[in-house]
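# Need coordinates for the following:
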Amino acid sequence: MKEFIEAIEKLSKKIEKQVNLMEVCGTHTVSIFRHGIRSLIPSNIRLLSGPGCPVCVTPIEDIDRMLYIAKQPDVILTTFGDMMRVPGSDGSLYKAKAEGANIKMVYSPLDALKIAHENKNKKVVFFAVGFETTAPLIAATIAVAEDKKIENFYIYSVHKLVPPALEVLVNTEELKLDGFILPGHVSTIIGTKPYEFISSKYKKACVITGFDADDILQAILMLLNQIINNEPKIEIQYKDAVKEEGNPKAVEFLYKYFKPVDSNWRGIGVIPKSGLKLREEYSSYDVEKVFDIPPIQSKEPKGCQCGLVLRGVKIPPECPLFAKICTPENPVGACMVSSEGSCAAYYKYGRS
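Next up, the predicted model:
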């Protein structure tokens, strides 16, 4: 660690401006806070947290739609634990469960499929949340449902694709980004090619890195070298796990079942071709084909700055609710719910 810090300090003296680097992975955000990396690097290098938490970027209207479905007769709604606590316009899934809705927390979509197999008289819905890392597992679950002829299993997909969001961020003038610390887990699936537009078109430095303190510090050093030498490219620091080609079989399998669609991101808005929806031939597993969900007027919590935090425009303490009204025990916004959320990480590690 010491050698990376010293090398970063040496390079930073060659840069006369402030350098803005953004990490776009929730696990990186937590690691940066846990290891105190911001306090270890020179003040002219600024680390910004981006929309790297899939729970956080899920809009309130999607939570509200799941609340509506959960309250329908003969429905079992299944989802990951973090989604249970995300506030909708009128409470969370936990609240709905306490009021009698049949909602179950699962650790895998295959757990949800098992529940469907054991409850053939119910419609079992899986709230599918995640990035490119988890989407292939959802595709595999649909394949198993097909093979076993389980016809009462449905998904509501709010999956997001990372590269389209990066293009929005790099064009956000107020951020003035110089480079990205790219996500390790997502990159094991998609490889480097989907990011190439960032360096070729926008001339921004990029490094895919692991999650230890040394990994992240080395990535910062690699980014500074690219910036100083004016050689923007996509580099891999996390070579033990990430290959340039990614995992072509996982990608092929993913796009066999899903197609890219425009998708709404909390705090950012609708980004073209940044979400995943089941292809028409698999639409019998799409819950929106089963339920006629009425228009829902969703509303953001008053005073919550989660959207600005997700864009890297504000840091959590700049939200008037942070650590006062909004805490991990009583989250107002999604950024305080997930362990990968910027507000939750800042609350746990960064307040001092």
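
# Need phi/psi at Met22.
Phi and psi for Met22, reported as degrees, to the nearest 10, are phi -120, psi 130.

# list the contacts for it?
Remark: with contacts taken as CB atoms under 8 Å, 6 or more residues apart in numbering, Met22 is in contact with 47-50, 169, 175, 177, 179-181, 312. Bear in mind the C-beta positions are built from the backbone N, C-alpha and C, glycine included.

# from these, which single one is nearest Leu321?
If you rank those by distance to Leu321 using CB to CB, Ser49 comes first, at 17.4 Å.

# mind listing what that closest one touches?
For Ser49, the set of contacting residues under the criterion of CB under 8 Å, 6+ apart consists of 22-23, 29, 32, 309, 312, 315, 342, 345.

# hmm, back to that, looking at the contacts of Met22, which are in strands?
Applying DSSP state E to the contacts of Met22, the entries found in strands are 47-49, 179-181.

# sorry, back to before: list only those of the contacts of Ser49 flagged as buried.
For the contacts of Ser49, burial is judged from neighbour counts taken by 16 or more other CB atoms under 10 Å, and it is met by 22-23, 29, 32, 309, 312, 315, 342, 345.

# Strands along this structure, start to end?
Secondary structure of the chain (DSSP E): strands located at 19-23, 45-49, 75-79, 103-105, 123-128, 153-157, 179-182, 205-208, 234-236, 258-265, 269-278.

# Deepest-packed of those strands, please.
Between these, the one whose residues have the most neighbours on average, counting mean count of other CB atoms under 10 Å, is strand 179-182 (a mean of 28).

# any idea which of the contacts of Met22 is closest to Val129?
Using CB to CB, Gly50 comes nearest to Val129 of these, at 17.4 Å.

# Let me know the distance separating that closest one from Ser200.
In this structure, Gly50 lies at 20 Å from Ser200, with CB to CB, to the nearest Å as the measure.

# mean confidence for the longest helix along the chain?
The helix of greatest length in the chain, counted in residues with DSSP state H as the criterion, is given as helix 213-228. pLDDT averaged over helix 213-228 equals 97, rounded to a whole number.

# Quick one: list the elements packing against that helix.
Applying 3 or more CB pairs under 8 Å, 6 or more residues apart in numbering; DSSP states H and E, one finds that helix 213-228 makes contact with helix 2-12, strand 19-23, helix 26-34, helix 37-40, strand 179-182, strand 205-208.

# Which among those is found nearest to Val129?
Judging the helices and strands packed on helix 213-228 by CB to CB, what sits closest to Val129 is helix 26-34, at 12.3 Å.

# So which bits of that closest one are buried?
In terms of neighbour count (16+ other CB under 10 Å), helix 26-34 has its buried residues at 26-33.

# Quick one: the strands of the chain as TSV, columns for mean pLDDT and distance to Asp111 too.
Converted to TSV, the strands of the chain look like this (pLDDT from 0 to 100; distance: least, CB to CB, whole Å):
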stretch	mean pLDDT	distance to Asp111
strand 19-23	97	30
strand 45-49	95	31
strand 75-79	97	7
strand 103-105	97	8
strand 123-128	97	9
strand 153-157	97	12
strand 179-182	98	30
strand 205-208	98	30
strand 234-236	98	33
strand 258-265	97	20
strand 269-278	97	20
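
# so how many other residues sit close to the nearest residue to Leu166 once chain neighbours are set aside?
The spatially closest residue to Leu166, leaving aside those adjacent along the chain, is Ile198, at 6.1 Å (CB to CB, 6 or more residues apart in numbering). Number of residues near Ile198 (other CB atoms under 10 Å) recorded here: 24.

# Next: His117.
His117 has 15 neighbours, counted by other CB under 10 Å.

# And Ser187, by the same measure?
When counting by other CB under 10 Å, one arrives at 27 neighbours for Ser187.

# Verify the contact between it and Glu244 for me.
No - with the criterion set as CB atoms under 8 Å, Ser187 and Glu244 do not qualify as a contacting pair; they are 9.7 Å apart.

# shared neighbours of these two, anything?
Contact with both Ser187 and Glu244 is made by residues Ile236, according to CB under 8 Å, 6+ apart.

# Can you pick out the most distant pair from the ones in strands among the contacts of Met22?
The two members of the ones in strands among the contacts of Met22 with the most space between them (CB to CB) are Ser49 and Gly179, at 14.3 Å.

# picking up where we left off before, JSON lines for the buried residues of helix 26-34, including pLDDT and distance to Ile60?
Rendered in JSON lines, the data for the buried residues of helix 26-34 read as follows (pLDDT from 0 to 100; distance: CB to CB, whole Å):
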{"residue": "Gly26", "pLDDT": "92", "distance to Ile60": "19"}
{"residue": "Thr27", "pLDDT": "94", "distance to Ile60": "24"}
{"residue": "His28", "pLDDT": "95", "distance to Ile60": "25"}
{"residue": "Thr29", "pLDDT": "94", "distance to Ile60": "21"}
{"residue": "Val30", "pLDDT": "93", "distance to Ile60": "24"}
{"residue": "Ser31", "pLDDT": "95", "distance to Ile60": "28"}
{"residue": "Ile32", "pLDDT": "95", "distance to Ile60": "27"}
{"residue": "Phe33", "pLDDT": "92", "distance to Ile60": "26"}
